[in-house]
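K.L.:
Take this sequence and fold it.
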Amino acid sequence: MTDGAPGSLRIPGRFNGPHGSGNGGYSAGVVAALLGGEAEVNLRSPVPLDTALQVVRDGDDAVRVLDGDALVVEARAAEVDTEPPAPVGPDEARLAAERYRGSSENIFSRCFVCGKARDGEGCFGVFAGAVEGRRLVATPWTPPPWSADPSGRVRPEFVWAALDCPTYFAAYAGEESVVSFLVRFKARIDADVRAGSEHVVIAWPIETDGRKRHAGSAVLSAEGETLAVASALLVEPRAG
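P.N.:
I've put the predicted structure just below:
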């Protein structure tokens, strides 16, 4: 969603990820919408909440978002060629969600997508846990009415948000949890995601390169159809 004066956007405070800054997937989806939807978004610094951010267009296929002189987000139109593995059904996803490893005490504990301390009203409850016998995580997801347009179609930025958080748990599956932040996100939406209908969100690890972790994610229908897909790059902060 865009808000504020022409040439600006604002991330509402309730759509936070880490404490005090915007959820990476949601913020990326808001910026991607300025380019028509399918895009690569680079998060250069924490996204301020409830702040008018300046939008600067670089031609028809690129955009920058600034907070004063500070670069917050860069994005460009880009094809997303990530494809998901075999689907996970709702029953299996519910079992996987029981293995969710998210904390109720860290900086992500009140994330509106996956925060355990935020569970309930205003939280998506996307609690992706390990799928037994497979190298991926999964969770059921029933998008709430407030995430949809008047036709019942979930707004793209909320689909991007749901695609984001599970990538962390896929990237660190079977490992000790460490702080890691989304720095690049690419997504495409292939079909409508409908509010009030049960879906499955899955994520899988792709590659580890030092402090960098690559992972993919997808939103599936209850029948296993791929509705949206994404790839993420997460980076651990440097020690000290």
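K.L.:
Buried residues, stretch 80-88. List them.
P.N.:
Of all the residues in stretch 80-88, those buried under the rule 16 or more other C-beta atoms under 10 Å are Val80, Thr82, Pro84, Pro87, Val88. In short, each C-beta sits where N, CA and C put it, glycine included.
K.L.:
Please compute how far that stretch lies from its chain's middle.
P.N.:
In terms of C-alpha atoms, centre = their mean, to the nearest Å, the centre of stretch 80-88 is found 16 Å from the chain centre.
K.L.:
Run a quick neighbour tally on Val229.
P.N.:
22 (other C-beta atoms under 10 Å).
K.L.:
Could you pull up the residues touching it?
P.N.:
Val80, Thr82, Glu83, Pro84, Leu163, Ala187, Arg188, Asp190, Gly216, Ser217, Ala218, Val219 (C-beta atoms under 8 Å, 6 or more residues apart in numbering).
K.L.:
Averaged pLDDT, the helix ranked longest in the chain. What do you get?
P.N.:
The helix spanning the most residues in the chain, taking DSSP state H as the definition, is helix 156-171. Mean pLDDT, taken over the full extent of helix 156-171, equals 98.
K.L.:
Pull up the pairing partners for the following helix or strand past that helix, direction included.
P.N.:
Taking DSSP states H and E as the definition, the helix or strand that follows helix 156-171 towards the C-terminus is strand 181-189. Strand pairing for strand 181-189, using DSSP bridges, gives strand 39-43 (antiparallel), strand 226-235 (antiparallel).
K.L.:
And the next helix or strand after the shortest one, what's buried?
P.N.:
Pointing back at strand 39-43 there. Once strand 39-43 ends, the next helix or strand along the chain (criterion: DSSP H and E) is strand 53-57. For strand 53-57, the buried set under the neighbour-count rule, 16+ other C-beta under 10 Å, comprises Leu53, Gln54, Val55.
K.L.:
For Gly7, see how far away the residue sitting nearest the centre point of the chain is.
P.N.:
The residue at the geometric middle of the chain, judged as the C-alpha nearest the mean C-alpha position with C-alpha atoms, centre = their mean, is Asp164 (2.2 Å). Relative to Gly7, Asp164 is positioned 26 Å away (criterion: C-beta to C-beta, to the nearest Å).
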